[in-house]
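**Student:** Below: sequence and its predicted model.
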Amino acid sequence: MPVWNGERFLRAAIDSILAQTWTAFELIIIDDGSTDRTPEILAEYAGLDSRIRVIRMEHAGIVLALNHGISEAKAEWIARMDCDDIAHEKRLEIQWKVIHENPGTVLCNTNIQLIGEPQLITPVGHFIRTRALLALRLCFQCQVIHPTVMFSKEAFIACGQYVADERHAEDYGLWGRLIRAGGVVGIPEPLLSFRVHSGSISKQQAEIQETLTQKIAVRHCMLFMGLDEGTAIRAYRALRGDLPSHAGSEWIWFLILCLPKLRWKSLELWAWVASRTMRIAARRISGIRGAKRMVSKQ
């Protein structure tokens, strides 16, 4: 759990981990140079529970904080947590069980419940369960919620850890590397209350994050489908629907020339592709009918 000036929600986040039904863990909290009451709160908790280890750093950013904290971890599996979220009491127990029921897994994530400022809460979409659909969705958007994951420390190190140049989208880049290293398991049950608020890093760094995610998404298209950069950029735009007037033709192009090259396949993937195709077709038909009505009125 990295924290930088997180006094507002820190106690609730720590309490949710200490209340876990799975108790065989160490909670490493990396204080990234906080200047508010965070150090005092952490000192209080460290004195109450021997499983808590507090590491104090000069402020260097989340990437260095996370990499340092994970390097200090004694366990073979790392569960991520943010200082403003709340883990449901069986989160660790359920993730640990699912990972060991699926040999070869290197990454496990869960669904979420949204909490926080009502005006920022939006409906949670379809939760992805298979590596195939997750890989395709990672080609144009990040579909893994960072503080829900549990991953193999060995695979994490082998994949190059978090990358400093990807700060503010460091998780998005990591998922693309981990997904090629081994199995991925998604748990549809919401095991984390994810807090949305105007003070979150994602809200403060939205513009930088968007630029980085586009770059990473194109790279995922190249790696997952074996595309050259120019074709990967076009595939990314087709998946996003960046050209509404050509959405149908670009989607057909993607289905014929890119999708068959995707390294993984699943029924969930084909169901999503079919649903997306029908939506695009429906919009196209609606547009044609609308144009005909305009002509008839004239």
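**Tutor:** That came through fine. None of the values given here were measured: they were computed from a predicted structure. Numbering: from 1, shown residues only.

**Student:** what secondary structure does the closest residue to Gly69 other than its chain neighbours sit in?
**Tutor:** In this structure, Gly69 finds its nearest non-sequential neighbour in Ile30, 4.2 Å apart by C-beta to C-beta, 6 or more residues apart in numbering. C-beta coordinates here come from the backbone N, C-alpha and C atoms, glycine included. Three-state call for Ile30 (DSSP: H, G, I helix; E, B strand; the rest coil): strand.

**Student:** Can you check what pLDDT the model gives Ile30?
**Tutor:** On pLDDT, Ile30 comes in at 98.

**Student:** How about the one 10 residues further on?
**Tutor:** We note a pLDDT of 97 for Glu40 in this prediction.

**Student:** go on, Leu227?
**Tutor:** Taking Leu227 on its own, its pLDDT is 98.

**Student:** now Pro103
**Tutor:** In this prediction Pro103 is given a pLDDT of 96.

**Student:** can you pull the contacts of it?
**Tutor:** Gly183 (C-beta atoms under 8 Å, 6 or more residues apart in numbering).

**Student:** Kindly report the same for the one 3 residues further on.
**Tutor:** Contacts for Val106 were tallied using C-beta under 8 Å, 6+ apart; they are 151-152, 155, 178, 181-184.

**Student:** From those residues, which land in strands?
**Tutor:** Among the contacts of Val106, the ones falling in strands (DSSP state E) are 151-152, 183-184.

**Student:** Can you lay out these as TSV showing pLDDT, distance to Ala73 and neighbour count?
**Tutor:** As requested, the ones in strands among the contacts of Val106 are arranged in TSV below (pLDDT from 0 to 100; distance: C-beta to C-beta, whole Å; neighbours: other C-beta atoms under 10 Å):
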residue	pLDDT	distance to Ala73	neighbour count
Phe151	98	11	25
Ser152	98	12	20
Gly183	96	21	15
Val184	96	21	26
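
**Student:** Tell me the one of those residues nearest Arg283?
**Tutor:** Lowest distance from Arg283 to the ones in strands among the contacts of Val106 (C-beta to C-beta) belongs to Val184, with 31.4 Å.

**Student:** Please look at the closest one and Arg137 and confirm they touch.
**Tutor:** No. Using C-beta atoms under 8 Å, Val184 is not in contact with Arg137; the gap is 11.8 Å.

**Student:** leaving aside the residues next to it on the chain, what's closest to Gly160?
**Tutor:** Spatial nearest neighbour of Gly160, excluding adjacent residues (C-beta to C-beta, 6+ apart): Arg177 at 6.3 Å.

**Student:** unless I'm mixing things up, the one you found is touching Tyr162, no?
**Tutor:** No. Arg177 lies out of contact with Tyr162 (C-beta under 8 Å); the separation is 10.1 Å.

**Student:** where does this protein dip in pLDDT?
**Tutor:** Residue ranges of the chain with pLDDT under 70: 119, 121, 199-205, 286-298.
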